[in-house]
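Peer 1: generate a structure from the sequence data that follows.
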Amino acid sequence: MPVDPYILLLLGTVGLAALLPARGTGADIASGASTAAIAFLFFLYGARLSTREALDGLRHWRLHGTVLACTFVVFPLLGLAARGFVPAGILSDPLYQGLLFLTLVPSTIQSSIAFTSLARGNVPAAICAGSFSSLAGIVATPLLAAALLGGGGDGSLGAGGFSAGSVTKIVLQLLVPFVAGQVLRRWVGEFVLRHRKVLGLVDRGSILLVVYTAFSQGMVEGVWHRVSPARLGGLLAVEVVLLAAMLLLTWYGAKALKFGRADRIAIQFAGSKKSLAAGLPMASVLFGAQASLAVLPLMLFHQMQLMVCAVIAKRRSRDAVGPPGAVTPAVTEEVTAPVPAGSSRTGAGTGTRSG
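Peer 2: Sure, this is the predicted structure:
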């Protein structure tokens, strides 16, 4: 089972924040740099996405609609159902808030493509489905978070976190840079694609900076005193159930909807996973000092989904009939923007852009 090397970097960053958290002026500098990094990250997302080619992919609207429904309807419903684990003592309220946030973020792109290709599924459909999910998530995730996580001043993650000011921050830090990237794509798009390896380092560095800032704030605020090993074990068990439920629902639900085998593979991998790359910046904007607990469930789920889906993809590849639809790429998560529909690139070598 693969262990994403970037997870090790993320864990190292968490350890650094625990030992040397940013305080005072250092915290202000880290916060400002994190804000700028998030804006630049979403600018690159916009500059990389080909609007025309993405719109061309809408022809397979049933498949994309199914993936979007899994990502932004079925997942949140399961997240709401998990509320029952709080009175049972399995989850604390802050960890449940982070788990619910996990169910609201968009799907992955590169790892969905990678697993779909490995399992000999519909790779172009996976490309489009991941692209549409990421694009929709810029708007859908904050709106769903505002509706489902708005708190009542009890100190939980969502308490007071969603106001007119929060909406303004979301628009300025996420949507405006993305739109700017789209507008300027005709001038900067070729440069971005030509230097994607170098800019991939910027992607990864931005995410690490966001993680360091979030966990530093959490250490200073003392939020980790509320987490016990037993609660972490409970969170892991709940996420195992969540992932298993989504893998079964996406596979057998797609079969009930009369999708072919190749389409069912794309639906299963694109509809059952969540993007760490998109979720971390959004959590930083939405939760502020409480972001460290908000992203903990997402970080655990990220590694779990990679390991489990790698096994499933390999088994599906042995069951497949006919030649694979694309070159088998490395198994990893993305921090890059949506890959244009119809592109021949299926995510090969994405291990250097993990997130």
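Peer 1: all helices of the stretch 251-355 of the chain, in order?
Peer 2: Here the stretch 251-355 of the chain has its helices, by DSSP state H, counting those that start in this stretch, at 261-271, 276-287, 291-319.
Peer 1: nearest to G137, of those helices?
Peer 2: Smallest distance to G137 across the helices of the stretch 251-355 of the chain (Cβ to Cβ): 5.7 Å, for helix 276-287. For the C-beta atoms, the positions are set from N, CA and C on the backbone; glycine is no exception.
Peer 1: tell me the angle the closest one makes with helix 291-319.
Peer 2: With axes from the mean of the first three to the mean of the last three Cα atoms, to 10 degrees defining the directions, helix 276-287 sits at 160 degrees from helix 291-319.
Peer 1: helices or strands next to helix 276-287 in the packing?
Peer 2: helix 24-48, helix 93-102, helix 123-149, helix 164-170, helix 196-221, helix 291-319 (3 or more Cβ pairs under 8 Å, 6 or more residues apart in numbering; DSSP states H and E).
Peer 1: the fourth one: what's the following helix or strand?
Peer 2: Using DSSP states H and E, the helix or strand that directly follows helix 164-170 along the chain is helix 176-183.
Peer 1: tell me the spacing between G79 and L236.
Peer 2: Going from G79 to L236 by Cβ to Cβ, to the nearest Å gives 16 Å.
Peer 1: so which of those two has more stuff around it?
Peer 2: For G79 versus L236, the count of surrounding residues by other Cβ atoms under 10 Å is larger for G79: 21 against 13.
Peer 1: check which helix or strand the more buried one maps to.
Peer 2: helix 75-81.
Peer 1: and that helix, what does it pack against?
Peer 2: Using 3+ Cβ pairs under 8 Å, 6+ apart: helix 75-81 touches helix 93-102, helix 123-149, helix 229-256.
Peer 1: need those in TSV with distance to Y6 and mean pLDDT, can you?
Peer 2: Listed next are the helices and strands packed on helix 75-81 as TSV, based on distance: least, Cβ to Cβ, whole Å; pLDDT from 0 to 100:
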stretch	distance to Y6	mean pLDDT
helix 93-102	18	90
helix 123-149	18	84
helix 229-256	19	93
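Peer 1: nearest to G32, out of those helices?
Peer 2: That would be helix 123-149 among these, by Cβ to Cβ, at 21.3 Å.
Peer 1: for the helix holding G79, list the C-alpha coordinates in CSV.
Peer 2: Extracted C-alpha coordinates of helix 75-81, given in CSV (Å, rounded to 0.1, in the frame of the first residue of the first chain):
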residue,chain,number,x,y,z
PHE,A,75,-21.1,12.7,1.4
PRO,A,76,-22.7,15.6,3.4
LEU,A,77,-25.7,13.5,4.3
LEU,A,78,-23.4,10.8,5.7
GLY,A,79,-21.5,13.5,7.5
LEU,A,80,-24.7,14.8,9.1
ALA,A,81,-25.6,11.2,10.1
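Peer 1: which one is R231 nearest to, not counting chain neighbours?
Peer 2: For R231, the nearest residue in space outside its immediate sequence neighbours is S92; the separation is 5.4 Å by Cβ to Cβ, 6 or more residues apart in numbering.
Peer 1: next, the one you found: phi, psi?
Peer 2: phi -80, psi 160 (degrees, to the nearest 10).
Peer 1: burial of R186, as a residue count?
Peer 2: Counted with other Cβ under 10 Å, residues neighbouring R186 total 9.
Peer 1: any idea which helix or strand carries it?
Peer 2: helix 185-194.
Peer 1: now do the contacts for V74.
Peer 2: Shown in contact with V74 (Cβ atoms under 8 Å, 6 or more residues apart in numbering): M246, L249, G271.
Peer 1: S133: which of those residues is nearest?
Peer 2: G271 (8.6 Å).
Peer 1: could you list the low-pLDDT ranges of this protein?
Peer 2: 1-4, 49-58, 150-170, 221-226, 288-290, 320-355 (pLDDT under 70).
Peer 1: still on that earlier bit, right, and the helices and strands packed on helix 276-287 - which one's nearest C70?
Peer 2: So among the helices and strands packed on helix 276-287, helix 123-149 is nearest, using Cβ to Cβ, at 9.3 Å.
Peer 1: which other helices and strands contact the closest one?
Peer 2: helix 51-56, helix 61-69, helix 75-81, helix 93-102, helix 110-118, helix 164-170, helix 261-271, helix 276-287.
Peer 1: rerun at 6 Å
Peer 2: Secondary-structure packing of helix 123-149 (3 or more Cβ pairs under 6 Å, 6 or more residues apart in numbering; DSSP states H and E): helix 61-69, helix 110-118, helix 261-271, helix 276-287.
Peer 1: what sits against A244?
Peer 2: If a contact means Cβ atoms under 6 Å, 6 or more residues apart in numbering, then A244 has no contacts.
Peer 1: ok, A22 next?
Peer 2: A30, S216.
Peer 1: at 10 Å what do you get?
Peer 2: 16, 28-31, 33-34, 212-213, 215-217, 219-220 (Cβ atoms under 10 Å, 6 or more residues apart in numbering).
Peer 1: tell me the most packed of these, by neighbour count.
Peer 2: T213 (29 neighbours).
Peer 1: can you tell me the closest non-neighbouring residue to that residue?
Peer 2: S34 (4.2 Å).
Peer 1: from L172, how far out is that neighbour?
Peer 2: To L172, S34 is 14 Å away according to Cβ to Cβ.
Peer 1: report the buried residues of stretch 196-212.
Peer 2: R196, L199, G200, D203, R204, S206, I207, L208, L209, V210, V211, Y212 (16 or more other Cβ atoms under 10 Å).
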